[in-house]
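Peer 1: Build me a structure from this.
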Amino acid sequence: MLPRSVDAVVIGSGPNGLVSAIALADAGWDVLVLEAADTYGGAVRSIERDGWISDRFSSNYPLGVASPVMRALELENHGLKWGYAPLALTHLLDPSGSSVSIHPDPEDTAKSVGAEQPGDGAAWLRLYEQYVAIREPLLKSLLTTWPPVAPAVKLVRKLGSAGELLRFARFMAMPMHRMGQELFTGPQGGALLAGNALHADAPLSGSVSGTMGWLLAMLAQDVGYPVAVGGSSAFSGALVRRAEQAGVLFAAGTPVVGVDVSGGRASGVRTASGEYVAAERAVIADTSAPVLYDALLSGATIPAGLRRDLDERFDWDYPTVKLNFRLRGPIPWTAAEARSAGVVHLGGTADELVRLGAELDTRRVPEQPFLLIGQTTKSDPSRSPAGSEAVWAYAHLPRGIADDASAELLGERMEAAIERYAPGFSALVIDRELQRPSGLEAGNAALGFGALGGGTMQLQQQLIFRPTIGLGSPRTFVDGLYLGSSAIHPGGGVHGACGHLAARTALRDASVLGPVTRRFPTAVLRRLQK
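Peer 2: Numbers count the residues shown, from 1 in each chain. As a prediction, this is how the structure comes out:
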């Protein structure tokens with residue numbers, strides 16, 4: 001039996017929803033989290049079968065370690081343990097064994113990056129030194145406030161001058177391909193940035209892709225690419241325990257089918273079983289933007305401009321095809337360093353990855369796909385029986401092509417690619433499971449068409465354009481209703497920032513000054529979406 005009334009209802013128990021619930025409960029609110037699935041965690045979930053643990057969606061969490069939002073929750077006190085492989089990442093340049101790796105020691109990484117051009121190693125060390133100098137205000141700017149005024153001021157002070165600020169702004173706006181060309185002479189450094197940039201869906205020749213590749217590469221050097229020991233559900237479990245300690249109530253297997261609006265304000269939610277829960281202060285939706293506006297709100301209430309933007313301009317990121325392997329032993333990579341890496345990028349040079357992006361953007365299933373591979377047993381030996389290996393790999397289909405036949409074709413090409421770079425791989429396969437885009441969405445409705453990022457990470461759908469033209473904040477056109485998922489700034493990744501920003505905004509709007517602080521932005525938002 002659900003409570004009849006609470007201060008806040010959180011729809012969805014992904015990491016953003018759980019972070020929102022914790023923040024509100026810590027502030028003294030009565031909070032109820034409603035989850036459609038039978039287990040909590042959203043896209044941070046794993047299953048165990050016959051001694052094998054498989055992460056169903058996300059797996060490696062550099063932002064889970066580095067995010068100021070997650071660090072503040074002290075999840076290690078609630079059972080979370082991180083597992084690290086000897087090497088964070090190896091990027092494979094060609095089947096002959098040429099590669100570049102991120103080692104725990106930046107000096108060792110520099111040797112790998114500078115294998116052909118020693119000056120590139122020095123460039124890597126300068127790049128990392130610059131990142132360390134601005135790391136704290138940068139991550140706070142990206143992940144803790146919106147708009148990021150105070151952290152941005154500290155970032156400017158760290159940069160030291162107006163000239164350095166402008167240079168950094170140019171650097172952050174660069175396409176990845178150009179960034180790699182400016183920073184490095186040999187192929188290793190550019191490939192390393194390119195592979196990290198392809199964790200998102202921004203074309204490598206397009207603006208802001210450089211930021212994504214640079215930031216993930218720096219995080220890999222800084223905190224590695226860890227996994228949660230015992231599976232991704234251990235990460236979610238720690239968040240749930242932290243929330244329960246704060247007093248949050250939970251109900252799994254309870255899909256929300258509607259958000260009621262009364263007098264322009266969210267008044268409560270309706271469940272599939274017919275129950276109604278009044279929300280006295282806020283409803284926070286850890287859902288995709290289309291699910292919130294198309295399914296949970298009445299079509300008649302949606303402003304015409306917002307409806308037009310969602311129908312005509314909202315863009316998902318690429319559909320994902322994921323393979324889960326149970327192997328008799330480690331993958332016999334030709335590149336020796338890949339045998340001890342937690343994450344492997346299989347895809348070639350930066351130039352080759354630019355061509356791959358062109359294939360995706362012209363609606364062709366890649367002949368030679370880029371693979372992001374997680375060797376989870378390397379990071380956490382509990383993932384599989386002794387001597388065996390639990391491995392996953394994913395690649396992308398073009399937007400609009402997510403049918404079963406295309407997914408199966410891409411899966412076959414993915415396996416063939418691993419065999420090219422690791423002859424003898426196929427003989428080690430005990431079994432393999434193919435997760436199609438439709439299956440990913442069925443497992444988590446927020447992953448529309450198998451997209452993992454809540455919508456494209458390209459510039460036209462970032463900041464004040466995320467998820468559509470607006471203010472870039474969690475506010476919606478309905479008072480008391482907040483979008484607190486990766487559909488809002490700063491987007492995809494398990495960092496908790498979207499949920500943190502939604503809760504922060506809800507608390508501010510419910511404060512004594514709330515009527516003043518929310519009036520202007522809400523009026524502007526409604527005008528923009530008319």
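Peer 1: show me where pLDDT drops low in the stretch 301-450 of the chain?
Peer 2: Judged against pLDDT under 70, the stretch 301-450 of the chain has no low-scoring part.
Peer 1: which residues in it form strands?
Peer 2: 320-327, 341-346, 371-375, 389-396, 429-435 (DSSP state E, counting those that start in this stretch).
Peer 1: Quick check: residue 443 vs residue 45, distance?
Peer 2: 8 Å (C-beta to C-beta, to the nearest Å). All C-beta atoms are positioned from the backbone trio N, CA, C, and that covers glycine.
Peer 1: Check residue 186 too.
Peer 2: Using C-beta to C-beta, residue 186 is found at 40 Å from residue 45.
Peer 1: who has more neighbours, the two?
Peer 2: Neighbour count, other C-beta atoms under 10 Å: between residue 186 and residue 45, residue 45 has more, with 24 against 18.
Peer 1: Identify the residues contacting the more buried one.
Peer 2: Counting by C-beta atoms under 8 Å, 6 or more residues apart in numbering, residue 45 touches 39, 55, 56, 57, 232, 233, 236.
Peer 1: Any chance of those residues in CSV with secondary structure and distance to residue 339 as columns?
Peer 2: Shown next, in CSV, are the contacts of residue 45 (DSSP: H, G, I helix; E, B strand; the rest coil; distance: C-beta to C-beta, whole Å):
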residue, secondary structure, distance to residue 339
39, coil, 33
55, strand, 21
56, coil, 26
57, coil, 26
232, helix, 24
233, helix, 27
236, helix, 30
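Peer 1: Neighbour-wise, which one of those leads?
Peer 2: Result: residue 232 is most packed of the contacts of residue 45 (other C-beta under 10 Å), 27 neighbours.
Peer 1: Next one, pLDDT for the nearest residue to residue 185 once chain neighbours are set aside please.
Peer 2: Take residue 185 and drop its neighbours on the chain: the residue closest to it by C-beta to C-beta, 6 or more residues apart in numbering is residue 117, 4.4 Å away. You'll see residue 117 listed with a pLDDT of 93.
Peer 1: now swap in the one 4 residues further on and tell me
Peer 2: Residue 121 is assigned 97 on the pLDDT scale.
Peer 1: isn't it right up against residue 103?
Peer 2: No: the pair residue 121 / residue 103 is not scored as a contact, 11.7 Å apart, by C-beta atoms under 8 Å.
Peer 1: low pLDDT regions in this structure?
Peer 2: For the chain, no range has pLDDT under 70.
Peer 1: let's go with 80 and repeat that
Peer 2: 299-300, 402, 471, 520 (pLDDT under 80).
Peer 1: Can you tell me which of the contacts of residue 45 is nearest residue 257?
Peer 2: Residue 257 lies nearest to residue 39 out of the contacts of residue 45, by C-beta to C-beta, at 19.8 Å.
Peer 1: Dihedrals phi and psi, that closest one?
Peer 2: Per-residue torsions, residue 39: phi -130, psi 160 (degrees, to the nearest 10).
Peer 1: can you check residue 122 too?
Peer 2: Dihedral angles (degrees, to the nearest 10) for residue 122: phi -60, psi -40.
Peer 1: That one is in contact with residue 114, isn't it?
Peer 2: Yes: assessed by C-beta under 8 Å, residue 122 is found in contact with residue 114 at 7.1 Å.
Peer 1: Who has more neighbours out of the two?
Peer 2: residue 114 (22 against 13).
Peer 1: quick one: contacts for that one?
Peer 2: Contacts of residue 114 by C-beta under 8 Å, 6+ apart are 120, 121, 122, 124, 186, 188.
Peer 1: Which pair of those residues spans the longest distance?
Peer 2: 122 and 188, at 13.1 Å, using C-beta to C-beta across these.
Peer 1: now the strands for the stretch 51-200 of the chain?
Peer 2: 52-55, 82-83, 87-92, 99-102.
Peer 1: And what about residue 204, helix, strand or coil?
Peer 2: Of the three states, residue 204 takes coil under DSSP: H, G, I helix; E, B strand; the rest coil.
Peer 1: what about the helices in the stretch 401-530 of the chain?
Peer 2: 404-421, 437-443, 497-509, 514-528 (DSSP state H, counting those that start in this stretch).
Peer 1: hmm, back to that, would you turn the strands of the stretch 301-450 of the chain into TSV with mean neighbour count?
Peer 2: Shown next, in TSV, are the strands of the stretch 301-450 of the chain (neighbours: other C-beta atoms under 10 Å):
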stretch	mean neighbour count
strand 320-327	23
strand 341-346	28
strand 371-375	25
strand 389-396	24
strand 429-435	15
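Peer 1: Select, out of these, the one closest to residue 510.
Peer 2: Using C-beta to C-beta, the nearest of the strands of the stretch 301-450 of the chain to residue 510 is strand 320-327, at 37.3 Å.
Peer 1: Partner strands of the closest one, with direction?
Peer 2: When pairing is defined by DSSP bridges, strand 320-327 lines up against strand 389-396 (antiparallel), strand 429-435 (antiparallel).
Peer 1: which of the residues in stretch 90-109 are buried?
Peer 2: 90-93, 95, 98-103, 106, 109 (16 or more other C-beta atoms under 10 Å).
Peer 1: and the residue nearest to residue 194 when sequence neighbours are not counted, what is it in contact with?
Peer 2: Distances taken as C-beta to C-beta, 6+ apart place residue 350 nearest to residue 194, at 4.1 Å, with adjacent residues excluded. The neighbours of residue 350, taking C-beta under 8 Å, 6+ apart as the test, are 176, 177, 180, 187, 190, 191, 193, 194, 204.
Peer 1: want to try CSV for the residues you listed, with neighbour count as columns?
Peer 2: Below are the contacts of residue 350 laid out as CSV (neighbours: other C-beta under 10 Å):
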residue, neighbour count
176, 31
177, 24
180, 26
187, 23
190, 28
191, 27
193, 28
194, 32
204, 28
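Peer 1: will you turn those into TSV that also has distance to residue 393?
Peer 2: Below are the contacts of residue 350 laid out as TSV (distance: C-beta to C-beta, whole Å):
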residue	distance to residue 393
176	22
177	24
180	24
187	23
190	23
191	18
193	21
194	18
204	20
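Peer 1: between the residues you listed, which is nearest residue 331?
Peer 2: residue 191 (19.6 Å).
Peer 1: I'd assumed residue 349 was in contact with that closest one.
Peer 2: Yes: counting by C-beta under 8 Å, residue 349 is a contact partner of residue 191 at 5.3 Å.
Peer 1: any shared contact partners between these two?
Peer 2: Joint contacts of residue 191 and residue 349 (C-beta under 8 Å, 6+ apart) are residue 93.
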